[in-house]
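A.B. asks: I need the structure of the sequence given here:
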Amino acid sequence: MANFSLPLFDEPPIGGHVAEFEQAFNAWLADQRAAGLLRLDGSVSLYEDMWQTFEGWCLGQSPVVTLSNLDLADLQAFQAARFGRKAADLSLTHRYALRLTRLIDRVLRHHAARTAITVNTAASDWITANPEVRFAGAAHADPKPEYLSTSEARLMIAFLSAARPRPGALRHAREALTWQDVRNRASVALQLGAGLTPGDVRALTLDAPVAQGGRVRERLWKLQVPGNGNSPARETPMAPWAAELLQHWLTVRAEAGISGSYLFPSSRTGNQWRKASQHECASRVLEEAGVDSREGGSFRLRHTFALRQMRRGTQPDQVARWLGIDPVKMKRYERLLPGVVEVV
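C.D. replies: Reported below is the predicted structural model:
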């Protein structure tokens with residue numbers, strides 16, 4: 001009698017889905033090694049085991065879960081199938097689940113950038129939706145914000161400022177920058193020099209920069225930031241170096257003939273910058289500047305701005321208004337101040 005039973009996990013799935021999972025992970029791993037971000041064999045082995053576990057679960061589902069159709073429900077089912085098992089049976093602690101899901105997110109983002117497809121944000125969305133995992137290992141549910149060290153901040157400011165006109169040997173390097181390069185650096189400058197979120201950067205329009213009322217006539221000094229579902233419309237000051245880079249971007253923008261009303265558009269036709277594209281561009285700027293973009297991402301720039309203002313003696317309520325957040329949330333920054341010697 002023929003055996004019509006079908007194995008679920010004993011035999012490797014056949015077809016293009018296997019190749020997609022393996023190529024996505026191997027391409028990510030190769031880039032990590034080339035960038036010097038993964039040097040220890042033990043770390044590589046752990047990531048390989050993590051990915052193989054995730055891949056095996058996805059390909060064992062019916063229908064198969066692919067990198068493109070993976071969603072929150074799939075990740076929830078994957079995690080639920082593993083919680084509570086014994087350690088020898090690949091148990092998932094919250095800390096391990098966080099590390100595994102972050103790996104999935106990084107591979108998905110790398111795969112999207114490499115293949116020019118829309119980023120699948122299911123993994124990062126799942127982390128956000130599960131605070132017990134998101135804050136795994138934190139002393140409390142409101143962890144201290146990540147921020148740039150003094151040396152990192154100085155390095156970042158020097159790198160960003162090199163994009164604007166200035167006498168010296170870097171003139172030819174500036175000429176080699178595309179308008180997208182200048183846009184990317186100017187937008188990151190406003191996260192560090194004005195405390196903006198990535199969403200703020202994408203929403204800014206050409207009437208956001210303000211020169212009137214500043215200490216120096218006709219020099220930009222603050223921004224009018226539109227409101228959204230999370231914060232009201234507000235104004236925030238800009239660090240002088242960031243304002244100068246923004247002024248240069250406005251010149252480059254005009255010379256490039258870019259249309260539309262967005263301050264940082266995605267194209268010459270003026271389309272709004274998409275979230276995934278802006279995230280990738282900001283991460284690239286951090287990495288080019290020599291700053292690790294993996295932990296905390298570009299939000300560390302905003303946190304650094306907040307700490308800088310508080311170290312200068314600005315009242316927490318005022319900084320909260322600049323950031324567009326509830327003043328009670330400033331407590332997370334106040335906890336850092338005793339240990340912060342200097343924030344650029």
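A.B. asks: hey, let's count contacts and neighbours off CA atoms from now on
C.D. replies: Fine.
A.B. asks: Let me know how buried the spatially closest residue to residue 300 that is not a sequence neighbour is, in neighbour terms.
C.D. replies: In space, and not counting its chain neighbours, residue 300 is closest to residue 147: 4.5 Å by CA to CA, 6 or more residues apart in numbering. Neighbourhood size, residue 147 [other CA atoms under 10 Å]: 23.
A.B. asks: same thing with residue 331?
C.D. replies: 12.
A.B. asks: The host helix or strand of it: which residues count as buried?
C.D. replies: Using DSSP states H and E, residue 331 falls within helix 331-334. Using 16 or more other CA atoms under 10 Å as the test for burial, helix 331-334 gives residue 333.
A.B. asks: With just CA atoms, put that helix into CSV.
C.D. replies: What follows is helix 331-334, C-alpha atoms only, in CSV (Å, rounded to 0.1, in the frame of the first residue of the first chain):
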residue,chain,number,x,y,z
LYS,A,331,12.1,61.7,33.0
ARG,A,332,13.8,59.2,30.8
TYR,A,333,16.4,61.8,29.9
GLU,A,334,16.7,63.2,33.4
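A.B. asks: Is residue 235 in a helix, a strand, or coil?
C.D. replies: Put simply, residue 235 is strand when judged by DSSP: H, G, I helix; E, B strand; the rest coil.
A.B. asks: leaving aside the residues next to it on the chain, what's closest to it?
C.D. replies: The nearest residue in space to residue 235 (CA to CA, 6+ apart) is residue 224, at 4.6 Å.
A.B. asks: Mean pLDDT per element in the protein, and the minimum belongs to which helix or strand?
C.D. replies: For the chain, scoring each helix and strand by mean pLDDT, DSSP states H and E identifies helix 171-175 as the least confident one, at a mean of 55.
A.B. asks: dump the residue contacts of the residue nearest to residue 235.
C.D. replies: If a contact means CA atoms under 8 Å, 6 or more residues apart in numbering, then residue 224 has 207, 208, 209, 210, 233, 234, 235, 236 as its contacts.
A.B. asks: Quick one: mean pLDDT over the helix holding residue 331.
C.D. replies: Taken as a whole, helix 331-334 has an average pLDDT of 86.
A.B. asks: Kindly provide the distance from residue 326 to residue 190.
C.D. replies: Separation of residue 326 from residue 190 (CA to CA, to the nearest Å): 21 Å.
A.B. asks: okay, these two: which has more neighbours?
C.D. replies: For residue 326 versus residue 190, neighbours defined as other CA under 10 Å are more numerous around residue 190 (27 against 11).
A.B. asks: Now name the helix or strand holding the more buried one.
C.D. replies: Using DSSP H and E, residue 190 falls in helix 179-194.
A.B. asks: At which residues are the helices of the stretch 101-250 of the chain located?
C.D. replies: In the stretch 101-250 of the chain, the helices defined using DSSP state H, counting those that start in this stretch lie at 122-129, 131-134, 150-161, 171-175, 179-194, 198-203, 240-255.
A.B. asks: any idea which of those is most buried?
C.D. replies: When you average the neighbours per residue for each of those (mean count of other CA atoms under 10 Å), helix 179-194 leads with a mean of 24.
A.B. asks: report the angle between the axes of that helix and helix 150-161?
C.D. replies: Angle of helix 179-194 versus helix 150-161, following axes from the mean of the first three to the mean of the last three CA atoms, to 10 degrees, is 140 degrees.
A.B. asks: so what secondary structure elements neighbour helix 179-194?
C.D. replies: The contact analysis (3 or more CA pairs under 8 Å, 6 or more residues apart in numbering; DSSP states H and E) places helix 179-194 against helix 150-161, helix 198-203, helix 240-255, helix 275-288, helix 299-311.
A.B. asks: Tell me how far residue 268 lies from residue 205.
C.D. replies: Distance from residue 268 to residue 205, counting by CA to CA: 15 Å.
A.B. asks: more crowded one of those two?
C.D. replies: Neighbours were counted for residue 268 and for residue 205 using other CA under 10 Å; residue 205 has more, 19 against 14.
A.B. asks: Now do the contacts for that one.
C.D. replies: Counting by CA under 8 Å, 6+ apart, residue 205 makes contact with 261, 262, 263, 264.
A.B. asks: Below-threshold pLDDT in the stretch 101-250 of the chain: ranges please.
C.D. replies: 136-143, 167-175 (pLDDT under 70).
A.B. asks: Quick check: can you list the domain ranges of this structure?
C.D. replies: For the chain, the structural domains run 16-133, 150-339, going by automatic domain parsing.
A.B. asks: if you compare those, which one is most tucked away?
C.D. replies: For those, the largest average neighbour count (mean count of other CA under 10 Å) is found in domain 150-339, namely a mean of 17.
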